[in-house]
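Visitor: No sequence on hand, only this structure:
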């Protein structure tokens, strides 16, 4: 039986109200930063201990309009999900459903076709060298998918999920496609998504100079990445500040 639930104007009466609100804020800011793509791209968040029940944005709703009450509550083991009313986007189900079924550590999954991450994914060599603090943040924490096989329906989603089973992987650079970011919480995943796009932009713009890059040593890159991972409350404060801005503007994201 599907767990998809319709929108409700009173979010506090719905399950996982805080998680829904965090996701809605992340959608709104992703749109504000221009990192979304029309009514495509998707975020999901596991809400059950086993990771199989998860929240996800509804089918083809613009990020800038998504509210907390709009989130679908889905079960990754429900084979009939696409046959139910309010079914999610088939490619979102194919990719996110597969990740939540196969990678219980991947609590929050964010997939976008943001400009610089997608440019990086389009290069023959899509690895991200540590040339500054932001790029070093992802040292030894990414995987590059070099076998894009079309839209992420069931088989493609399952194939991608097999590359994410190592808990040390934080980002999949999806060759010829975009980027997929993992996190333990919405705040962690969104912060990581934000910084990966910044890192990809730095690298692409550095390449555009045509000059030789100054690449950090492996030791310094790893030290930098480790220090950032343990930096106190950075992800949580980032999202909290963005929610405060939305609240001050009178946004309806939390409804």
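Guide: Thanks, I have it. If you're wondering where the values come from, they're calculated on a predicted model, not measured in any experiment.

Visitor: all contacts plus neighbour counts: C-alpha atoms, from now on.
Guide: OK.

Visitor: can you give me the helices in the stretch 151-255 of the chain?
Guide: Using DSSP state H, counting those that start in this stretch, the helices of the stretch 151-255 of the chain run over 154-162, 186-208, 218-229, 234-248.

Visitor: Out of these, which is the most enclosed?
Guide: Among the helices of the stretch 151-255 of the chain, helix 186-208 has the highest mean neighbour count (mean count of other Cα atoms under 10 Å), at a mean of 20.

Visitor: now that one, how far from the chain's geometric center?
Guide: Distance of helix 186-208 from its chain centroid, counting by Cα atoms, centre = their mean, to the nearest Å, is 12 Å.

Visitor: average pLDDT for it?
Guide: Average pLDDT, helix 186-208: 98.

Visitor: Neighbours of the residue lying closest to residue 41 once chain neighbours are set aside, how many?
Guide: Nearest residue to residue 41, sequence neighbours excluded (Cα to Cα, 6 or more residues apart in numbering): residue 112, at 5.1 Å. Using other Cα atoms under 10 Å, the number of residues around residue 112 comes to 21.

Visitor: repeat for the one 4 residues further on
Guide: By the other Cα under 10 Å criterion, the neighbourhood of residue 116 contains 22 residues.

Visitor: what do you get for residue 145?
Guide: 18.

Visitor: per-residue confidence at it?
Guide: 97.

Visitor: what residues does stretch 17-28 touch?
Guide: The contact list for stretch 17-28 (Cα atoms under 8 Å, 6 or more residues apart in numbering) reads 11, 43, 45, 55, 63-69, 71, 186-187, 190, 239, 242-243, 246, 253-255.

Visitor: Residue 46 pairs with what?
Guide: residue 54 (DSSP bridges).

Visitor: wait, what's in contact with it?
Guide: 52-55, 100, 106-108.

Visitor: Tabulate those residues in a markdown table, adding columns for neighbour count, pLDDT and distance to residue 87.
Guide: Below are these laid out as a markdown table (neighbours: other Cα atoms under 10 Å; pLDDT from 0 to 100; distance: Cα to Cα, whole Å):
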| residue | neighbour count | pLDDT | distance to residue 87 |
| --- | --- | --- | --- |
| 52 | 23 | 98 | 17 |
| 53 | 20 | 98 | 15 |
| 54 | 23 | 98 | 14 |
| 55 | 24 | 98 | 12 |
| 100 | 26 | 98 | 17 |
| 106 | 26 | 97 | 22 |
| 107 | 24 | 98 | 21 |
| 108 | 29 | 98 | 20 |
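
Visitor: out of those residues, what pair is the most spread apart?
Guide: For those, the farthest-apart pair by Cα to Cα is 55 and 106; their separation is 13.0 Å.

Visitor: could you point out where this protein is predicted with low confidence?
Guide: 1-12 (pLDDT under 70).

Visitor: so what's the most centrally placed residue in it up against?
Guide: For the chain, residue 110 is the residue whose C-alpha lies nearest the centre (Cα atoms, centre = their mean; 1.4 Å). Taking Cα under 8 Å, 6+ apart as the contact definition, residue 110 lies against 42-44, 180-182, 189-190, 193.

Visitor: one more time with 6 Å, if that's ok
Guide: Shown in contact with residue 110 (Cα atoms under 6 Å, 6 or more residues apart in numbering): 43, 180-181.
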